Structures are given as structure tokens and as C-alpha cells.
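> please work out how this folds:
(chains A, B, C and D)
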Protein chains: 2
Amino acid sequence: MPAPPPDPFKTFLGYHLRRLSVAVMSDLTATLAPLGLKPAEASILYVLKSHPGLTQSEIGKFLGIQRANMAPLIAGLMQRGLLERRSVDGRSQALKLTPTGEKTRAAAWAANAAHEARMFAPLSPPARQKLITQLRTLWHPHQNT
Amino acid sequence: MPAPPPDPFKTFLGYHLRRLSVAVMSDLTATLAPLGLKPAEASILYVLKSHPGLTQSEIGKFLGIQRANMAPLIAGLMQRGLLERRSVDGRSQALKLTPTGEKTRAAAWAANAAHEARMFAPLSPPARQKLITQLRTLWHPHQNT
DNA sequence: TATTGTTATACTCTATAACTATA
DNA sequence: TATAGTTATAGAGTATAACAATA
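Sure thing, here's the model as predicted:
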């Protein structure tokens, strides 16, 4: 009885990280679609809930999204009445959620939490928290932007 | 002294999974670039080392790459003399590494292993293996393709 | 000079549809 | 009828460069 061929990625953490991340992102995209939000848009709403008054450049730095790509994202959320602007100086504007934006954020947050519970059900809450801690230890933002 | 604003993604495993995965993929891309390989191409070489004789469709199923996107990848590797084909029947061809392909694969593998050691240095080997096991438990391939 | 927001644009990755030739 | 390989193409997501207005 011949041994089964070995999995070439058995020792490569990066491979499993990537495959799981892609699967989770795909599920999150489907989860948020009924709310008319993409993951990046929902993330912006989350950041503005906890950090109201940030400019769009600052949000981009926080999320790893470039200025040039933030512009259409913010414009779309503004157009839907989810955000409002207040001029800080002539070139930058503080952003915050409108009441509608906060309702949408809360709905997205609930859907996102349900998605997390579904995707990571095999892990106990402590195991999940430990995993988050490990991933944060390994992720050094300066490697990106 | 006001409390710092909370990180909105503190409890979202998916977010940290994604940020780390993007950083790791970026580093891997840079690591493999001097060998003239993209991560997907290196993965194909790895799979053919452990599973010689697979067709390109089978490799695509293994890696989660669609048939249509496998065609140019395989064509490029063929053109560089890294792969050879043997007709199984009129429509499918078994693939294997050429001697040059095996040399390139070995070089990519060594670079990839060094990349992993660098990226995941904070984790001991047992911790790293446990993390791989956890990620594999959470990843159900049928969610994708 | 440096920064914010914006536009235009290009590049990669991924997804779908359709075709051929084979089975 | 179904499958392997291919081509064409469209859509995201992301990257750089350049500009106007402002600091």
C-alpha cells in the first residue's frame, strides 16, 4: 500500500493563511452584499464609529488603503447619505457617521459578527482571542504602507 | 487622561487574518521575484514535485485556480522550459518538472522557507505547527471552488 | 515645500462565457 | 453529454503619477 503523496504546503503557514483569508473574505463579501456594502466600505464605517472626526487620509492609513483609492469610496458613502463632512481647514475634512450611516454600520456590524461566529465556530472564544493575538504579533504594519 | 479609542477590529479574526495575509503575500512576491516567479507559479512547481503527472486542471483544483487562468500560467512555465507534457488522452496532458524546472523549484522552495522563517520568527516551531493545524481546521475548501 | 483630496490610468488577479477537440 | 484546454473579456482591487488648493 503506497503512502499518499505529501502535501507540499504542510509546513508553509503563509499558504494556509492565504487560503483561509480568501475563503473568509469571500463569505464576508456575500454577507455584506445585501446591505449594499463591500468589506472596505463597512470597515470605513467601523473606523468612523470608534474614531469620529478622522479625515479620509487618516482612515486610509489606518486601513491600509491609499489616498487615491479612498476618494471614490468616501464619495460613494457620502452620496448615499451615510457620512457627513466638516471642514477642518481648507484642504482636509473631518468625517463622521450620519444617523443613517450609524444605522447601516450597526446592521453591518451585526452581520459581520454573525459571519465571524459562523466561520470560526470550531474555535472556543479564548482560542479565537489567542489566535487574534498571535496574528497581531506577526503583523507589522510598516511592511505595507 | 482620556482612554484611547478602542480598536474596532479587536474581536474580528477575519480582519487580522486578512491584514497578515496581505503582508505575507507581499513579502513572498518580493522574495520570489528575483527567481522570475510569482507565488502562483511557484505553487505549481511545488505541487508538481509532490504530485508529478497531474494535469493542469487537477493542479488548478488543488490550488483553487480556475481552468481559464491556469492556461497562461502553464504556457509561461512551458515556454521557459520548466515543465514537460505527456499526453494522457487526446484532451489532457500529464505535467512534470524538467531538470531545469526542478532546479528552479528547489531554489524557490529554499527562498520560500527563508521567507517563512523571517515572517514567522516570533513563533516557535511547535506554535507555528499548531497555528497551521488551526487554520486548516477552519478552512473548508468547498466554500470556494 | 509638504499635504489633502482628486482624477486618470495601468496592472494584476479573478470570474464568466464560449469555443474546439476529444471522451 | 461531459471534460480538458484555450481564448476573449470583464470586473475587482490596487498602484503610480500628476494636478489644484491649501498649509
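
> hey, let's count contacts and neighbours off CA atoms from now on
Will do.

> could you pull out the strands for chain A?
A:83-87, A:93-97 (DSSP state E).

> what sits against the residue nearest the centre of chain A?
Centroid check for chain A by Cα atoms, centre = their mean gives A:Ser43 as the closest residue, at 4.4 Å. By Cα atoms under 8 Å, 6 or more residues apart in numbering or on different chains, the residues touching A:Ser43 are A:Leu63.

> poorly predicted segments of chain A, please.
Low-confidence segments of chain A, defined by pLDDT under 70: A:1-5, A:142-145.

> around chain B, pick out the residues from it.
Taking Cα under 8 Å from any Cα of the partner chain, the part of chain A that reaches chain B is made up of A:5-8, A:11-14, A:16-21, A:23-26, A:46-47, A:50-51, A:113, A:116, A:119-120, A:122, A:128-129, A:131-132, A:135-139, A:141, A:143-144.

> buried subset of those residues, written for ChimeraX?
The ChimeraX command for the buried members of the residues of chain A next to chain B (criterion: 16 or more other Cα atoms under 10 Å in any protein chain shown) is given here:
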select /A:12,13,14,16,17,18,19,20,21,23,24,25,46,47,51,116,119,120,128,129,131,132,135,136,138,139
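
> near DNA strand C, which residues of chain A?
Residues of chain A lying near DNA strand C by Cα under 7 Å from any atom of the strand: A:55-58, A:67-72, A:74-75, A:91-94.

> which of those residues has the most neighbours?
A:Gln56 (22 neighbours; other Cα atoms under 10 Å in any protein chain shown).

> most tightly packed of the strands of chain A?
When the strands of chain A are scored by mean count of other Cα atoms under 10 Å in any protein chain shown, the highest mean neighbour count falls to strand A:93-97 (a mean of 21).

> helices or strands next to that strand in the packing?
On a contact count with 3 or more Cα pairs under 8 Å, 6 or more residues apart in numbering or on different chains; DSSP states H and E, strand A:93-97 meets helix A:39-50, helix A:56-63, strand A:83-87.

> relative to strand A:83-87, how tilted is it?
150 degrees (axes from the mean of the first three to the mean of the last three Cα atoms, to 10 degrees).

> tell me which strands strand A:93-97 pairs with, and in which orientation.
Sheet pairing here is set by DSSP bridges, and for strand A:93-97 it gives strand A:83-87 (antiparallel).

> in chain A, which spans are helices?
Secondary structure of chain A (DSSP state H): helices at A:13-32, A:39-50, A:56-63, A:67-79, A:99-119, A:125-138.

> let me have those helices in TSV, extended by distance to B:Leu83.
Formatted as TSV, those follow (distance: least, Cα to Cα, whole Å):
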stretch	distance to B:Leu83
helix A:13-32	22
helix A:39-50	39
helix A:56-63	40
helix A:67-79	39
helix A:99-119	38
helix A:125-138	35
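
> about what we covered before: tabulate the strands of chain A (a markdown table), appending distance to A:Pro34.
Below are the strands of chain A laid out as a markdown table (distance: least, Cα to Cα, whole Å):
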| stretch | distance to A:Pro34 |
| --- | --- |
| strand A:83-87 | 19 |
| strand A:93-97 | 20 |
